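Following is a predicted model, sequence given first.
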Amino acid sequence: MKKKISIKIITLFPDFIDQYTRFGIVARAIAQKVVTFSAIDLRLFGLDARKTVDGRPYGGGLGMVLRPDVLYKAIKKAKGTASKKKTKVILMTPQGKPFNQSLAKKLSQAEELIFVSGRYEGFDERIRKFVDEEISIGDYVLMGGELPSLVITEAVLRMIPGVLGKFESGKAESFSEFMLEYPQYTKPEVWKVEGKKMRVPKVLQTGHHANVNAWREAEALKRTKKRRPDLLT
């Protein structure tokens, strides 16, 4: 039976999310019915005539904080009648666990992922009691959680059989085996640029698969040692 997953992103900018789903592997996965995808407009759960979703922080400070009651209603609507075991609600926050390929693989086993994208100065602390995971895609600050949600979505979808042209192509990429990917080459065989000749390694032109694989493994290890030695530990 084909693996399927539902992805929902709670956001103040649903049009931004919808645009992303029209391209690349996300659009392909939707067309293949591997994923159902929806952007949930947080404003629909806002209060009063202005559809207010935020408030000033208690204790003072700059900016506005997203209200817990508004977020809670959006999360409840997104979950519907889905079983808690089959659904994961993910809060996108710089305070969350770092995202990596191992976590992408783990999340790909879920049947439904609900991402809560923040804006302004963040969330009311109390909403944390109603999420399953908190994830960060890096130690830097963005305008909101939409881009991180889409980054994780794409990484997760690549782990699902049938989404890529060949599932095996996903296994050979950077981080899949805790190493960076080996160097890749294509035509021309000899590239003349700025007075230099840059050649494709001869071993890649031999057609000897064992030698090619050995070269790729050695190059991947060399590159990982140089650029990301932390992956080897």
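Structure received. Residues are numbered from 1 along each chain as shown.

quick one, longest strand in the chain?
strand 87-98 (DSSP state E).

who does that strand pair up with?
Strand 87-98 has its sheet partners listed here by DSSP bridges as strand 112-116 (parallel), strand 133-136 (parallel).

what about that strand, distance to the chain center?
11 Å (Cα atoms, centre = their mean, to the nearest Å).

Could you chop the chain up by domain?
Using automatic domain parsing, the domain ranges for the chain come out as 5-167, 172-232.

Would you single out the least confident of those domains?
Of all these, mean pLDDT reaches its minimum on domain 172-232 (a mean of 89).

Just the C-alphas of the top helix by length along the chain, formatted as CSV.
Longest helix in the chain, counting residues (DSSP state H): helix 209-227. The C-alpha trace of helix 209-227 is given here as CSV (Å, rounded to 0.1, in the frame of the first residue of the first chain):
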residue,chain,number,x,y,z
HIS,A,209,31.1,0.5,-11.1
ALA,A,210,33.1,-0.9,-8.2
ASN,A,211,35.9,1.6,-8.8
VAL,A,212,33.4,4.4,-9.2
ASN,A,213,31.7,3.5,-5.9
ALA,A,214,35.0,3.3,-4.1
TRP,A,215,36.0,6.7,-5.4
ARG,A,216,32.7,8.2,-4.4
GLU,A,217,32.9,6.8,-0.9
ALA,A,218,36.4,8.0,-0.4
GLU,A,219,35.6,11.5,-1.7
ALA,A,220,32.5,11.7,0.5
LEU,A,221,34.5,10.8,3.5
LYS,A,222,37.3,13.3,2.6
ARG,A,223,34.7,16.1,2.1
THR,A,224,32.9,15.3,5.4
LYS,A,225,36.2,15.3,7.4
LYS,A,226,37.1,18.7,5.9
ARG,A,227,33.7,20.5,6.0
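
can I get the CA coordinates of stretch 11-27 in CSV?
Extracted in CSV, the C-alpha atoms of stretch 11-27 (Å, rounded to 0.1, in the frame of the first residue of the first chain):
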residue,chain,number,x,y,z
THR,A,11,-0.2,30.5,9.0
LEU,A,12,-1.1,34.2,8.7
PHE,A,13,-0.1,34.0,5.0
PRO,A,14,-1.9,31.1,3.4
ASP,A,15,-1.3,32.5,-0.1
PHE,A,16,2.4,32.3,0.4
ILE,A,17,2.1,28.6,1.3
ASP,A,18,-0.2,27.8,-1.6
GLN,A,19,2.2,29.3,-4.1
TYR,A,20,4.9,27.0,-2.9
THR,A,21,2.8,23.9,-3.5
ARG,A,22,2.7,24.6,-7.3
PHE,A,23,6.3,23.7,-7.9
GLY,A,24,8.8,20.9,-7.7
ILE,A,25,8.5,17.7,-5.6
VAL,A,26,5.6,19.1,-3.5
ALA,A,27,3.4,19.7,-6.6
